[in-house]
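# Can you look at this prediction? I've put the sequence above it.
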Amino acid sequence: MNVDEALIRLGESTSEAVAGILQMFAGDAAQPGPVAIVSADADPLASVSTPAVAASVSYVDGVTGGNVFVMPLEGARALAAAMMGEEPPDDEATDLTELELSAVGEAMNQMMAAAANATSAVLGTPVEIAPPETQVLSSLDKALDGHDDAAHMTSGVFTVFGRPCRLVQLVPNAFVMRMTKALDELGAEYLGDQGPADDAEAMGLDESLRAIKVRVWAELGRSRMPIGKLVGTPAGAVVDLDRQADEPVDLFVNGMRFASGRLVVSEGGEWAVEIDGLVGDLAATGEGL
Amino acid sequence: MARVLVVDDAAFMRKMVSDALAKGGHEVVGEAGNGVEAVARFQELKPDLMTLDITMPEKDGLTALAEIVAADPSARVVMCSALGQEAKVLEAIKLGAKDFVVKPFQPDRVIEAVGKALA
């Protein structure tokens, strides 16, 4: 995986996580857009109007780097209102009330935590963040300050209550090296390298998309238990799962269930999954979704 | 109905948790915005239960939890955590927290966690 592919993969993963939080608060009024790599001479915040609310967070453990999310004040006020179960304000206030700033700050905190969580999933290593800093800015000239070691940037587009927003991911070189290595290792786990290229071509996938490797895993079953019981579970204990031994298992791609199948043993003695159907097929027949 | 102390550094989150608790028929007897205030208010108010944010200025939730449980081993505390804080949540449970909720959460999840902690 080259650097650009790794950056886009990271940016998209982060953008998806942030969108999930935004949509929980704002519903369809929050929509994610494409993610792009920002060239050295470009300003990723050029299209964001001011005054704006900016949340900045730095990774403090595991990796360096950070994220900055910038949202125009009008969008932030509408988001705060939605979080409090109210209609978007129709006045033209130029600042946030204390409760609005707290609400938006909490949304930003949760977005940044989700972004760090997504980064952690991509890298396969825990990523801790410093407490996010949220502030109202009249100018965005210094919105990206504090991330001087970032050699790369990606910009994710969002629309929140009709206002264009940006999620900027700031990525140092050392981060990229670690990330490409982690993603290549994840790609090595992909079971479908035996020739999906023809299928991908038939589906009209772009060449760059076909090269992206994804993480595929099978889920045998699930269980729920009090966390107090979990932390006290000794080695040798048996945890019952929610499926019978002869029931199908699920296959996931990067967290999304995409197929169901039977657990089998390959000729080489490894576990394998014989696919019964893809999620679209199962949905059409109403099975097991 | 329980007397509850709500601790979070974000005024908005204190309001959300308080509203959820009121919806569940509980009484919010006080609020605190950091770990230092949390310990002091707990000793002052002696609530039936406390909701406690993990990441806070001055003194974080884990440190406050350890002090509260040391002073009152029967203290009922429900932790509030953000995504990606699994390790800290586990540490809180080991320290004596009764349950936890992960932000963003629905009001019913808060009521459920409080109910379990009081049971």
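Yep, that arrived. Numbering: from 1, shown residues only, chains lettered A, B, ... in the order given.

# Show me the strands in chain B, by range?
B:3-7, B:27-32, B:49-53, B:77-81, B:99-102 (DSSP state E).

# list the helices and strands the third one packs on?
On a contact count with 3 or more Cβ pairs under 8 Å, 6 or more residues apart in numbering or on different chains; DSSP states H and E, strand B:49-53 meets strand B:3-7, helix B:11-23, helix B:35-45, helix B:61-71, strand B:77-81, helix B:107-118. Backbone N, C-alpha and C define where each C-beta goes, glycine included.

# Please render those as JSON lines that adds mean pLDDT, distance to chain A and mean neighbour count to the earlier fields.
Shown next, in JSON lines, are the helices and strands packed on strand B:49-53 (pLDDT from 0 to 100; distance: least, Cβ to the nearest Cβ, whole Å; neighbours: other Cβ atoms under 10 Å in any protein chain shown):
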{"stretch": "strand B:3-7", "mean pLDDT": "97", "distance to chain A": "14", "mean neighbour count": "25"}
{"stretch": "helix B:11-23", "mean pLDDT": "92", "distance to chain A": "4", "mean neighbour count": "19"}
{"stretch": "helix B:35-45", "mean pLDDT": "96", "distance to chain A": "13", "mean neighbour count": "19"}
{"stretch": "helix B:61-71", "mean pLDDT": "96", "distance to chain A": "12", "mean neighbour count": "19"}
{"stretch": "strand B:77-81", "mean pLDDT": "91", "distance to chain A": "9", "mean neighbour count": "25"}
{"stretch": "helix B:107-118", "mean pLDDT": "90", "distance to chain A": "8", "mean neighbour count": "17"}
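
# Would you mind giving these as TSV with distance to A:F161 added?
TSV is the format used below for the helices and strands packed on strand B:49-53 (distance: least, Cβ to Cβ, whole Å):
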stretch	distance to A:F161
strand B:3-7	29
helix B:11-23	18
helix B:35-45	34
helix B:61-71	32
strand B:77-81	27
helix B:107-118	23
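
# Which among those is found nearest to A:D250?
helix B:107-118 (25.3 Å; Cβ to Cβ).

# quick one: the closest one to chain centroid distance?
11 Å (Cα atoms, centre = their mean, to the nearest Å).

# Please list the residues outside it that contact it.
B:2, B:4, B:16-17, B:19-21, B:23-24, B:26, B:48-49, B:51, B:76-78, B:98-101 (Cβ atoms under 8 Å, 6 or more residues apart in numbering or on different chains).

# and that helix, C-alpha only, in CSV?
Only the C-alpha atoms of helix B:107-118 are listed here, as CSV (Å, rounded to 0.1, in the frame of the first residue of the first chain):
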residue,chain,number,x,y,z
PRO,B,107,-31.4,8.4,28.3
ASP,B,108,-32.8,4.9,28.9
ARG,B,109,-29.3,3.5,29.1
VAL,B,110,-28.5,5.9,32.0
ILE,B,111,-31.7,4.9,33.8
GLU,B,112,-30.9,1.2,33.2
ALA,B,113,-27.3,1.5,34.6
VAL,B,114,-28.5,3.5,37.6
GLY,B,115,-31.2,0.9,38.3
LYS,B,116,-28.7,-2.0,38.1
ALA,B,117,-26.2,-0.2,40.4
LEU,B,118,-28.9,0.4,43.0
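
# Quick check: bridge partners of residue 52?
Unless you meant another one, I'm taking chain A. A:P72, A:L137 (DSSP bridges).

# wait, I meant chain B there
Bridge pairing for B:L52 - DSSP bridges - gives B:V7, B:M79.

# contacting residues for the residue positioned nearest the centre of chain B?
Centroid check for chain B by Cα atoms, centre = their mean gives B:T51 as the closest residue, at 1.5 Å. Counting by Cβ under 8 Å, 6+ apart, B:T51 touches B:4-8, B:17, B:21, B:77-80, B:101, B:110, B:114.

# returning to what we had before: what's the closest of the helices and strands packed on strand B:49-53 to A:S266?
That would be strand B:77-81 among the helices and strands packed on strand B:49-53, by Cβ to Cβ, at 40.8 Å.

# returning to what we had before: can you tell me how far the residue nearest to the centre of chain B is from chain A?
The gap separating B:T51 from chain A is 15 Å, by Cβ to the nearest Cβ, to the nearest Å.

# possible to save the contacts of B:T51 as a markdown table with distance to B:P57?
What follows is these, written out as a markdown table (distance: Cβ to Cβ, whole Å):
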| residue | distance to B:P57 |
| --- | --- |
| B:V4 | 22 |
| B:L5 | 18 |
| B:V6 | 17 |
| B:V7 | 12 |
| B:D8 | 11 |
| B:V17 | 18 |
| B:L21 | 23 |
| B:V77 | 19 |
| B:V78 | 21 |
| B:M79 | 17 |
| B:C80 | 15 |
| B:V101 | 21 |
| B:V110 | 23 |
| B:V114 | 25 |
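
# Among those, find me the one that's closest to A:G105.
Among those, and counting by Cβ to Cβ, the member closest to A:G105 is B:D8, at 11.4 Å.

# So what's the residue count around the closest residue to that closest one other than its chain neighbours?
Leaving out its chain neighbours, the residue that sits closest to B:D8 by Cβ to Cβ, 6 or more residues apart in numbering or on different chains is B:D53, at 4.1 Å. Using other Cβ atoms under 10 Å in any protein chain shown, B:D53 is surrounded by 26 other residues.

# Report the contact partners of B:D53.
Per Cβ under 8 Å, 6+ apart, neighbours of B:D53: B:7-10, B:13, B:61, B:79-81.
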